[in-house]
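A.B. asks: attaching a predicted model along with its sequence, questions to come.
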Amino acid sequence: MARITAGVATSHVPAIGAALDLGKSDNDYWKPLFDGYDWSKQWIANEKPDVIFLVYNDHASAFSLAVLPTFAIGCAESYAIADEGFGPRPVPEVIGHPDLACHIAESLILDEFDMTIINEMAVDHGLTVPLSLMYGQPDAWPVKVVPLAVNVVEYPQPTGNRCFELGKAIRRAIRSYPEDLNVQIWGTGGMSHQLQGPRAGFINSAFDHEFFDQLVNDPDTLKKVPHLEYLRESGSEGIEMIMWLIMRGALGKKVKELYRFYHVPASNTAVGHLVLKPGK
Amino acid sequence: MNEHEEFDDIPGTTVFTTQRSRQGFHLNQFCMSLMKAENRERFRANERGYLDEWPMTEAQKLAVLARDYNAAIAEGGNIYFLAKIFATDGKSFQEAAASMTGMTTDEYAAMMLAGGRSPEGQRSIREGY
């Protein structure tokens, strides 16, 4: 049977991708950030997951306002790299796992999560920057990806509780897949940041650290945090952190924290990163 | 106070609600069109002419021409869509964000390096905390 072997959380700031693509990752500004992922790169090289179930949000790349799904799962064989206005990032195309994805999609819908099914989609920095942070710059990604796109762009985003419950359903779905696969689940986005209006540049490191601690040890409290509190306390774009709750929900009751990293700033954003293992 | 009134109590922030999405639909769809290189070329060659192909309000078009992102947001624009405009201009997200704060690009970059904008006094207009 397929196994969920780890959970990873990471921010997905577009400027991180640009820094890597333009060869700036060793300069004074970016080096401390990339150094914070050295441990994780080594770790994942040893773990060798077969598939990443990658929870992210599209940033007006695949989904315009014509159709905006709340939860959408990718069942495609591959995903092109989106042109976000300055040409596509020079990274390999993303290879899917259609059979696992279709199994999860069916399981989730029968479990009463009304998923949107995607068979063709370009993926943007929300999905490719986490891959770059964890795998560097390979010629081909050494892992298959099942993408789950969550609406965090337009209010109301799904509640924290709904995200956490969806994570639990994803756990049931993956663990009922007959093939022996090493599957990791990643939650991306965050941490505190605001990209718009006179309050742009907002960072709340106290909120971010509390979020880390509660995500690991007390997700049942964290999942009740309402939209308004994210908007006030973590900046208008900090609400992306609800996607970390999907990852956490898929790991079961107890987790062991293997690694934590926090860095300010990457462009406008506080960067957070966690590696978790299910069980004690 | 209902939730939408609470949103308006957050300083310097516009929450992109379903109503604002409706208000800004054509503005944001115009932004999406800039994901194609040939459209970026046509827009650069004649910005006003390109905008006139879209059923946008005059206020929306003027906000785009002035690169006044606060005005564009007030007219229903969303920052992830508006990002296609400043990407077309070759500007970074940090430069665009700085332009909305009344700070220079250098002042804003220095604030971020020093840990970002403090939450103190930035959570609620009414409560002042």
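C.D. replies: All right, it came through fine. Numbers count the residues shown, from 1 in each chain, chains lettered A, B, ... in the order given.
A.B. asks: buried set for the helix of greatest length in chain A?
C.D. replies: Taking DSSP state H as the criterion, chain A has its longest helix at helix A:160-175. For helix A:160-175, a neighbour-count test (16 or more other Cβ atoms under 10 Å in any protein chain shown) marks A:160-171, A:173-174 as buried. Every residue, glycine included, has its C-beta placed from N, CA and C.
A.B. asks: near chain B, list only the ones from those.
C.D. replies: When contact is defined as Cβ under 8 Å from any Cβ of the partner chain, these do not meet chain B at all.
A.B. asks: relative to chain B, which of those is nearest.
C.D. replies: If you rank those by distance to chain B using Cβ to the nearest Cβ, A:Gly160 comes first, at 15.2 Å.
A.B. asks: right, and the closest one touches A:Met243 too?
C.D. replies: No. Taking contacts as Cβ atoms under 8 Å, A:Gly160 lies outside contact range of A:Met243: 10.1 Å.
A.B. asks: residues from the stretch 101-250 of chain A in reach of chain B?
C.D. replies: Going by Cβ under 8 Å from any Cβ, the residues of the stretch 101-250 of chain A near chain B are A:153-156, A:192, A:194-207, A:227-228, A:231-233, A:236-237.
A.B. asks: restricted to buried residues, select those in PyMOL.
C.D. replies: Of these, the buried ones go into a single PyMOL selection, burial set by 16+ other Cβ under 10 Å:
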select buried, chain A and resi 153+154+155+192+194+195+196+197+198+199+200+201+202+203+204+205+207+227+231+232+233+236+237
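A.B. asks: next step: the residues of the stretch 101-250 of chain A next to chain B restricted to helices.
C.D. replies: Going by DSSP H, the helices hold A:Ser205, A:Ala206, A:Phe207, A:His227, A:Leu228, A:Leu231, A:Arg232, A:Glu233 from those.
A.B. asks: among those residues, which one lies nearest to B:Thr88?
C.D. replies: Within those, the smallest distance to B:Thr88 is 28.7 Å, found for A:Leu231 (Cβ to Cβ).
A.B. asks: mind listing the helices for chain A?
C.D. replies: Along chain A, counting by DSSP H, helices occupy A:14-21, A:31-35, A:38-47, A:98-110, A:125-135, A:160-175, A:205-217, A:219-222, A:227-234, A:242-249.
A.B. asks: follow-up on the earlier one: in TSV: the ones in helices among the residues of the stretch 101-250 of chain A next to chain B, plus distance to A:Lys48.
C.D. replies: Listed next are those as TSV, based on distance: Cβ to Cβ, whole Å:
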residue	distance to A:Lys48
A:Ser205	34
A:Ala206	37
A:Phe207	35
A:His227	38
A:Leu228	42
A:Leu231	39
A:Arg232	42
A:Glu233	38
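A.B. asks: most proximal residue of the stretch 51-200 of chain A with respect to chain B?
C.D. replies: A:Gly85 (2.8 Å).
A.B. asks: show me what contacts that residue?
C.D. replies: Contacts for A:Gly85 were tallied using Cβ atoms under 8 Å, 6 or more residues apart in numbering or on different chains; they are B:Leu34, B:Met35, B:Arg40, B:Ala83, B:Lys84, B:Ile85, B:Phe86, B:Ala87, B:Thr88.
A.B. asks: so in chain A, which strand runs the longest?
C.D. replies: The longest strand of chain A (DSSP state E) is strand A:255-266.
A.B. asks: grab the most central residue of chain B for me.
C.D. replies: The residue lying closest to the centre of chain B (Cα atoms, centre = their mean) is B:Tyr69, at 3.8 Å.
A.B. asks: hmm, it is touching B:Asn78, no?
C.D. replies: No. If you go by Cβ under 8 Å, B:Tyr69 and B:Asn78 don't touch, sitting 10.6 Å apart.
A.B. asks: list residues touching both of the two?
C.D. replies: Counting by Cβ under 8 Å, 6+ apart, B:Tyr69 and B:Asn78 have no common neighbour.
A.B. asks: the helices in chain B, which residues?
C.D. replies: Counting by DSSP H, chain B has helices at residues B:3-8, B:18-23, B:25-33, B:37-45, B:47-51, B:58-65, B:69-74, B:79-88, B:93-99, B:105-113.
A.B. asks: pLDDT score assigned to A:Phe86?
C.D. replies: Per-residue pLDDT puts A:Phe86 at 88.
A.B. asks: residues near it, how many?
C.D. replies: Residues lying near A:Phe86 (other Cβ atoms under 10 Å in any protein chain shown) number 19.
A.B. asks: in contact with the closest residue to it other than its chain neighbours, which residues?
C.D. replies: Sequence neighbours aside, B:Ala87 is the residue nearest to A:Phe86 in space, at 4.7 Å (criterion: Cβ to Cβ, 6 or more residues apart in numbering or on different chains). Neighbour list for B:Ala87: A:Glu84, A:Gly85, A:Phe86, B:Leu34 [criterion: Cβ under 8 Å, 6+ apart].
A.B. asks: need those residues in TSV with distance to A:Leu215, can you?
C.D. replies: As requested, the contacts of B:Ala87 are arranged in TSV below (distance: Cβ to Cβ, whole Å):
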residue	distance to A:Leu215
A:Glu84	28
A:Gly85	32
A:Phe86	33
B:Leu34	36
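A.B. asks: and the strands in the stretch 51-200 of chain A, which stretches?
C.D. replies: Using DSSP state E, counting those that start in this stretch, the strands of the stretch 51-200 of chain A run over A:51-56, A:71-74, A:78-81, A:94-95, A:116-118, A:122-123, A:144-150, A:182-188.
A.B. asks: B:Leu65 is nearest to which of the ones you listed?
C.D. replies: strand A:122-123 (28.6 Å).
A.B. asks: can you name every helix or strand that that closest one contacts?
C.D. replies: The helices and strands touching strand A:122-123, judged by 3 or more Cβ pairs under 8 Å, 6 or more residues apart in numbering or on different chains; DSSP states H and E, are strand A:78-81.
A.B. asks: now the nearest residue to B:Asn78 once chain neighbours are set aside: phi and psi?
C.D. replies: In space, and not counting its chain neighbours, B:Asn78 is closest to B:Phe16: 4.8 Å by Cβ to Cβ, 6+ apart. Dihedral pair for B:Phe16: phi -80, psi 90, per degrees, to the nearest 10.
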